[in-house]
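Visitor: next comes the sequence, and after it the predicted model I'd like to discuss.
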Amino acid sequence: QHEFVFFATNLNSVAILQQSIQKQSALVGCFEGRDARCAASPPHRCIFATLERWRYRVPMELSEPVRNLLSVAVGHFEAGRPQQTLAACEQALSLAPDVVAGHIYRGLALRRMGRFDEAIDALERACELDPRNPASFEQLGIARIDLHRREAALAAFHQALALDRTRLLAWVNVGNLSMGEFDFAAAEAAYRQALALKPDVAICHQNLCWVLRRLGRPDEAVQAGQRAIELEPLNLTAYNYLIFALLAADRHAEASDYCDRSLAINARNTSALAFKPSALEGLGRDAEGRALVDLGRLVKCETILSVAGYTDLGAFNRALAEHVTQCPTRPHDDTQTVDLLARPEGPVATLKNMINDAVSRYLEALPNEPGHPYLAFKPSRWALDGWATLLHGMPFQEHHFHQHGWVSGVYYLKVPSFIGNQAGDKSGFIEFCRFPQFGARSVASEFTVFEPHEGMLLLFPSYFYHRVVEFEPSDLRISFAFNVTPN
C-alpha cells in the first residue's frame, strides 16, 4: 500500500494524504522509518522525494541507561509517538548531552510535532557532533525544506553527497529543489544521478517528464512519463505530467486517451479535466471541448449587496481589506496571504459563511447530468481553503487552473478606479481560456473576460484555465480566491 504525503502549494502545511492500493514489494509510509514521498509543490504541480529506509544506529559503547532510553525513543518514533520519543531523547541527553542519536531522534520527533525551528536546531547539532554521517545532513535538509529555507536545504543535501555520492535521497531532493527554482538543467542532472543508482524509482521518471518538457524536449518527456506509469499505474501525478508532455508534443489522440485513463482512476482529477478540452480541440472535436468548458453554464457571477453586522457593503469590504493586509504572506510571494479559511478570524469568518452559502446556491443551480464529467460529481459536503491576493500591478500571468479544487471562486473587495473605465481596456479583468497553447501548432484559444467590481463573487469549475489580465502599477487591488474541495 502506498501513502503519498503532499505538502501544500505554498509549502506551509500538509494538504492531502492520498492512498493508492497498488501492490509493491516495500511498505511505503512516513519519512523517518520507511520509504515515502515528500511533495514540495510549485503552482499546480507536485514534486516528490523518494526516501530510503533510515535508522540511526544506537552505539553499543554508550552506558546501559542511555542506550536503553534511546532504544525506547526509537521504538516510540517508529510507532508514531513523537511526544514519547521526545521525552525519552531528552532523558538520554540529560545523561549524555553529546549523543548524536539523541539529537537526531529529538529533531525528527520535533519535526513530526510541527516544531520546525527546534527540529532544525537539534539536527544541526547532530551534524556538528557527527560531520561524517550523510544521513544526518539529509534529515537536516528535509527539516529546512519545512521552513522554506531552500538554499540551506540544498547545501545540506550537497554536503550529504560530498560524503557519499550514492545517497539516493539527497539526489532526489536536489532534483526537487532545482525543479522548484526552475533550474531544470540541474534538476535533470540530479534525477539522472538518482536513476543511475536505482533505475525503477517512478518519482524520478515522473519529475523528469516535467523537467524535459520545460527544457523543450517533449518527446523525451513522454518517454519518461510513460515509464513512470509503467512503474506506478495508479500515480495520477505521473498521468498529469505525461498528458501535459503529450499536448506539448501535439500528440492529441494519446493525450485524450491518457485523460480518460486518468479519470477512470479518479473522476475528480481536475488536471485531466483541464487538459481534455485541448486534446479534443487538437483532434478537431472543438464542440466537445467547448461543452467541457461551458462558460455560459458553469461560470456564475453574483454581487453581494449587504452583509449582516455591517452598515453597508463598503464597511464590510474596508474591514476585510484592513484585516487581510495584516495577515502573513506566503514564502517567496508577498502578493498572496497564507490560507485564511482554515482558522478564520474577524471579517474572514463572515466571508467564509458567505462563500459557503454562495457555493450551495451554485451547486443547486447546476443541472444534473449523469454523463457529464463535471456535473455528475457535484459534492454534497466540502472543505474550503482561501487566500487574499494584494496587487499594486500585475505583469503578464500565464493561464492556470486550481489543481486541488473542484469549485473555485474569487471575491473582489477592493478594485482600483481605473478598471473598466476605458472602452476596450481589459486591464485587471479576470480572463478565461478554453484552449490554451501547449505545443507548436497554432491554436484559436477562445478567451472570455469578466470585469471585476467591489462585492462581486465569481464561481467556476477549478479546471477552467484563467488569469488576471496584466495592468500597470496602480492603487491596491484586493481579491480573495478560494477552492472548494469535496469532503
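Guide: Arrived safely, thanks for sending. Residues are numbered from 1 along each chain as shown.
Visitor: number of nearby residues for residue 224?
Guide: Using other CB atoms under 10 Å, residue 224 has 26 neighbouring residues. To be clear about C-beta, it is placed using only N, CA and C from the backbone, and glycine gets the same treatment.
Visitor: next one: residue 195
Guide: By other CB under 10 Å, neighbour count at residue 195 equals 20.
Visitor: ok, now which ones touch it?
Guide: Residue 195 sits next to 201, 204-205, 208 when contact means CB atoms under 8 Å, 6 or more residues apart in numbering.
Visitor: checking it next. Helix, strand or coil?
Guide: The local conformation at residue 195, judged by DSSP: H, G, I helix; E, B strand; the rest coil, is helix.
Visitor: go on, the one 5 residues further on?
Guide: Here residue 200 is coil, with the state taken from three-state DSSP.
Visitor: phi, psi of it?
Guide: Note on residue 200: backbone dihedrals following degrees, to the nearest 10 are phi -100, psi 30.
Visitor: repeat that for residue 261.
Guide: Dihedral pair for residue 261: phi -60, psi -40, per degrees, to the nearest 10.
Visitor: and the gap between it and residue 247?
Guide: For residue 261, the distance to residue 247 (CB to CB, to the nearest Å) stands at 15 Å.
Visitor: comparing these two, which residue is more hemmed in?
Guide: Taking neighbours as other CB under 10 Å, residue 261 and residue 247 compare with residue 247 leading, 26 against 15.
Visitor: helix or strand for that one, which one?
Guide: In the assignment (DSSP states H and E), residue 247 maps to helix 236-248.
Visitor: before we move on, what about residue 412?
Guide: Taking DSSP H and E as the criterion, residue 412 maps to strand 407-414.
Visitor: got the buried residues for the helix holding residue 247?
Guide: Neighbour-count burial for helix 236-248, counted by 16 or more other CB atoms under 10 Å, picks out 236-248.
Visitor: residue 76 touches residue 91, doesn't it?
Guide: No - taking contacts as CB atoms under 8 Å, residue 76 lies outside contact range of residue 91: 11.8 Å.
Visitor: okay, the two: which has more neighbours?
Guide: Counting neighbours by other CB under 10 Å for residue 76 and for residue 91 shows that residue 76 has the greater number, 20 against 17.
Visitor: quick one: contacts for that one?
Guide: The contact partners of residue 76, by CB under 8 Å, 6+ apart, come to 82, 84-85, 88.
Visitor: now the buried members of those.
Guide: Neighbour counting by 16+ other CB under 10 Å classes 82, 84-85, 88 among those as buried.
Visitor: for stretch 372-389, C-alpha coordinates in CSV please.
Guide: Extracted C-alpha coordinates of stretch 372-389, given in CSV (Å, rounded to 0.1, in the frame of the first residue of the first chain):
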residue,chain,number,x,y,z
HIS,A,372,-21.1,14.9,-17.8
PRO,A,373,-17.6,14.5,-16.2
TYR,A,374,-18.1,17.6,-14.0
LEU,A,375,-21.9,17.9,-13.4
ALA,A,376,-22.1,14.2,-12.5
PHE,A,377,-19.9,14.7,-9.4
LYS,A,378,-21.4,17.7,-7.6
PRO,A,379,-20.2,17.4,-3.9
SER,A,380,-22.7,17.5,-1.0
ARG,A,381,-20.0,18.3,1.5
TRP,A,382,-16.8,20.2,1.1
ALA,A,383,-13.8,22.0,2.8
LEU,A,384,-12.6,25.4,1.9
ASP,A,385,-9.2,27.0,1.6
GLY,A,386,-8.7,30.6,0.6
TRP,A,387,-6.2,33.4,0.4
ALA,A,388,-6.1,37.2,-0.3
THR,A,389,-4.3,38.5,-3.3
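Visitor: strands of the stretch 151-300 of the chain, residue ranges please.
Guide: 300-303 (DSSP state E, counting those that start in this stretch).
Visitor: on that earlier part again, turn the contacts of residue 195 into TSV, columns for distance to residue 438.
Guide: Compiled in TSV, the contacts of residue 195 are given as follows (distance: CB to CB, whole Å):
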residue	distance to residue 438
201	27
204	24
205	21
208	19
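Visitor: biggest separation within the residues you listed, which pair?
Guide: Greatest spatial distance among the contacts of residue 195 (CB to CB): 201 and 208, at 10.2 Å.
Visitor: circling back: narrow the buried ones among the contacts of residue 76 to those in helices?
Guide: Judged by DSSP state H, helices contain the following of these: 82, 84-85, 88.
Visitor: closest one of those residues to residue 468?
Guide: Compare each of these with residue 468 using CB to CB and the shortest gap goes to residue 82, at 41.7 Å.
Visitor: thought the closest one was touching residue 105?
Guide: No - counting by CB under 8 Å, residue 105 is not a contact partner of residue 82; they are 9.6 Å apart.
Visitor: next one: the longest helix along the chain to chain centre, how far?
Guide: Longest helix in the chain, counting residues (DSSP H): helix 347-365. With CA atoms, centre = their mean, to the nearest Å as the basis, helix 347-365 stands 24 Å off its chain's centre.
Visitor: which neighbouring elements make contact with the helix or strand following it?
Guide: Using DSSP H and E, the helix or strand that follows helix 347-365 towards the C-terminus is strand 382-391. For strand 382-391, the helices and strands in contact under the criterion 3 or more CB pairs under 8 Å, 6 or more residues apart in numbering; DSSP states H and E are strand 333-337, helix 347-365, strand 477-486.
Visitor: tell me which of those sits most buried.
Guide: Of all the helices and strands packed on strand 382-391, strand 477-486 has the most neighbours on average by mean count of other CB atoms under 10 Å, namely a mean of 21.
Visitor: adjacent strands (with direction) for that strand?
Guide: Strand 477-486 sits in its sheet next to strand 382-391 (antiparallel), strand 407-414 (antiparallel), going by DSSP bridges.
Visitor: okay, now the unreliable bits of this structure?
Guide: For the chain, applying pLDDT under 70 flags the ranges 1-57.
Visitor: cutoff 80 now
Guide: Residue ranges of the chain with pLDDT under 80: 1-61, 396, 420-424, 473-474.
Visitor: just to revisit the earlier point, highest average neighbour count across the strands paired with strand 477-486?
Guide: strand 407-414 (a mean of 23).
Visitor: now the angle between helix 347-365 and that one, please.
Guide: Angle of strand 407-414 versus helix 347-365, following axes from the mean of the first three to the mean of the last three CA atoms, to 10 degrees, is 130 degrees.
Visitor: the helix or strand just after strand 407-414 packs against which elements?
Guide: As assigned by DSSP H and E, the chain's next helix or strand after strand 407-414 is strand 430-433. Judged by 3+ CB pairs under 8 Å, 6+ apart, strand 430-433 is in contact with strand 447-450, strand 465-468.
Visitor: kind regards, and thank you for your time.
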